[in-house]
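S.K.: no FASTA, just this:
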């Protein structure tokens, strides 16, 4: 891995940068050995608030091929089952789509990409056909980027280009396990990993100190015993000519942090390097419940320190006052659990152990059984009572959920309206916006959820119309933190009208939304949000109007109205 020079790592500079910004936000206080203030540089008039973010999740290999020269590397040439080999997508392909404005048009302000670190070199069959690690969850070396995805410089450029376009980067990280064992990928020593028993999920112990599946070595994250690096990794670094530099950096890290040289802390060092060097904005943490919660607290603490260090060393690149953000995949967690996950014999508050947000596996069920008002009011109440200061991430489909909200893609417009207007963070899985099929003939298991992005369908008028719907709602969410982070209130039951308001840290944002409206001329009551004489615009139709007698009248061919005050 490329690293900042030791000199830069050890020298503390206090640099103040002024910025022009219509909406004032509190200055960031970076906690290091000395307390310094950094005034953020912003590219948007609208402040970015994580709790209201619109996140796009993609698998790099399946999204867009920007560099055909890395399609076949590391002799990954064995025949695989359908959609279980590398398909050519890479980091450069993601950069291309950012530069083309695809994400900006979709209202995306944060991008979650699957793990990009170097994967095992060989393939394995877990019962669903021969498979290469195109998904990124089978790490071989946390200090390198996998060549099928690209290079470290590609990742650096991705972060820079994303930031220039107002998009934050969520790095997907794994501490729980290494990749499967193959002839090319030997198992690490038993002071690092266990190869059994397999998790039975009867209680806390049988969900944590175990392997998720057969032949997936489980890192001994519970161990506080100092260990040497695994021989396969030392051999690899030596062959690559970077053994000495990597060992030197480890000594600096452990001396600086005071952490012990345990398996978990080695991996924490490797993961936080990307934050410290590149300015990664947050983590999506894999397999949360399979690791002791205290490990996540240490990871979050070190990542926040690394992010503060990057900000101090790169003041001209600082986007805002936000701290490093930590999002967790706590499989099976739902918003009804509030702050806790129940193992049966123990309840754990992961929010108290470094997490700002947890993926909400319950949303798809709520979206199926609840109407708009019941769904929106339920989530607003939950986030502003039992989850104050925290949030959840909602989704309608994902890479490993075989029972999504709309598997047959028959409710694509409803999917967008429910997902993008529900309080909490929204996660758009690549192809939700283009109705990419989730049923692929010939696939086994989760491969059907991981097909190539259906760019060719953008030639179809129906797909264009659907994409426009996602774009309008996505940009409304992006421009208004009140949608995801504000308080919900119904104004009228039928036809349905509601408001969202956000008022925190001197940021005030208010909107009114109408759903299930009549096509043509419609009147909406808005006096609790917009005063008489206020010029407002329905961003869905592009219609401008003025508030009179507490109402606005819109003439459009749509059943949706998205009202904001003209600035």
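M.R.: Ah, there it is. Just so it is clear, the model here is predicted, and its values are computed rather than measured.
S.K.: now do the contacts for the most centrally placed residue in the chain.
M.R.: Ranked by distance to the mean C-alpha position of the chain (Cα atoms, centre = their mean), the top residue is residue 112 at 3.8 Å. Contacts here follow Cβ atoms under 8 Å, 6 or more residues apart in numbering; on that basis residue 112 touches 55-58, 170, 172, 284, 327, 427. Heads up, the C-betas are built off the backbone N, CA and C, glycines and all.
S.K.: again with residue 184
M.R.: Remark: with contacts taken as Cβ under 8 Å, 6+ apart, residue 184 is in contact with 120-122.
S.K.: least confident secondary structure element in the protein?
M.R.: None of the helices or strands of the chain scores lower by mean pLDDT, DSSP states H and E than strand 28-31, at a mean of 28.
S.K.: and residue 89, backbone torsions?
M.R.: In this entry, residue 89 is assigned phi and psi values of phi -60, psi 150 (degrees, to the nearest 10).
S.K.: could you report the pLDDT at it?
M.R.: The model reports residue 89 with a pLDDT of 98.
S.K.: quick one: it and residue 63 touch, right?
M.R.: Yes: shown here, residue 89 and residue 63 form a contact pair, counting by Cβ atoms under 8 Å, at 4.7 Å.
S.K.: now do the shared contacts for these two.
M.R.: Shared between the contact lists of residue 89 and residue 63 (criterion: Cβ under 8 Å, 6+ apart) are residues residue 453.
S.K.: about what we covered before: only the buried subset of the contacts of residue 112, as a ChimeraX command please.
M.R.: Per 16 or more other Cβ atoms under 10 Å, the buried members of these correspond to this ChimeraX selection:
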select :55,56,57,58,170,172,284,327,427
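S.K.: as JSON lines, the contacts of residue 112 with secondary structure would be great.
M.R.: Output for those, formatted as JSON lines (DSSP: H, G, I helix; E, B strand; the rest coil):
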{"residue": "55", "secondary structure": "strand"}
{"residue": "56", "secondary structure": "strand"}
{"residue": "57", "secondary structure": "strand"}
{"residue": "58", "secondary structure": "strand"}
{"residue": "170", "secondary structure": "strand"}
{"residue": "172", "secondary structure": "strand"}
{"residue": "284", "secondary structure": "strand"}
{"residue": "327", "secondary structure": "strand"}
{"residue": "427", "secondary structure": "strand"}
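S.K.: from memory residue 523 sits against residue 551, does it?
M.R.: Yes: with contacts counted by Cβ under 8 Å, residue 523 reaches residue 551, the gap being 5.2 Å.
S.K.: sort out which residues of the longest helix belonging to the chain are buried, please.
M.R.: With secondary structure taken from DSSP state H, the chain has its longest helix at helix 293-313. By neighbour count with 16+ other Cβ under 10 Å, helix 293-313 contains the buried residues 293, 295-313.
S.K.: again with stretch 441-456
M.R.: Buried positions in stretch 441-456, judged by neighbour count with 16+ other Cβ under 10 Å: 443, 445-453.
S.K.: the nearest residue in space to residue 402 that is not next to it in sequence: what secondary structure?
M.R.: Nearest non-adjacent residue to residue 402, counting by Cβ to Cβ, 6 or more residues apart in numbering: residue 446, 6.6 Å away. Secondary structure, three-state DSSP: residue 446 is helix.
S.K.: same check on residue 501?
M.R.: When the structure is split into helix, strand and coil by three-state DSSP, residue 501 lands in strand.
S.K.: residues touching it, list them.
M.R.: Applying Cβ under 8 Å, 6+ apart, we find residue 501 in contact with 482, 486-487, 489, 509-510, 529.
S.K.: per-residue pLDDT, it?
M.R.: Among the per-residue scores, residue 501 shows a pLDDT of 98.
S.K.: relative to residue 423, how far out is it?
M.R.: From residue 501 across to residue 423, the span is 12 Å (Cβ to Cβ, to the nearest Å).
S.K.: show me whatever sits in contact with both of those two.
M.R.: Counting by Cβ under 8 Å, 6+ apart, the residues touching both residue 501 and residue 423 are residue 486.
S.K.: correct me, but residue 302 touches residue 268?
M.R.: Yes: Residue 302 lies in contact with residue 268 (Cβ under 8 Å); the separation is 5.5 Å.
S.K.: so how far is stretch 470-477 off the chain centroid?
M.R.: Taking Cα atoms, centre = their mean, to the nearest Å, the mean C-alpha location of stretch 470-477 is offset from the chain mean by 18 Å.
S.K.: then stretch 470-483?
M.R.: Taking Cα atoms, centre = their mean, the mean C-alpha location of stretch 470-483 is offset from the chain mean by 17 Å.
S.K.: ok, and for stretch 187-195, which residues are buried?
M.R.: For stretch 187-195, using 16+ other Cβ under 10 Å, the buried residues are 187-188, 192-193.
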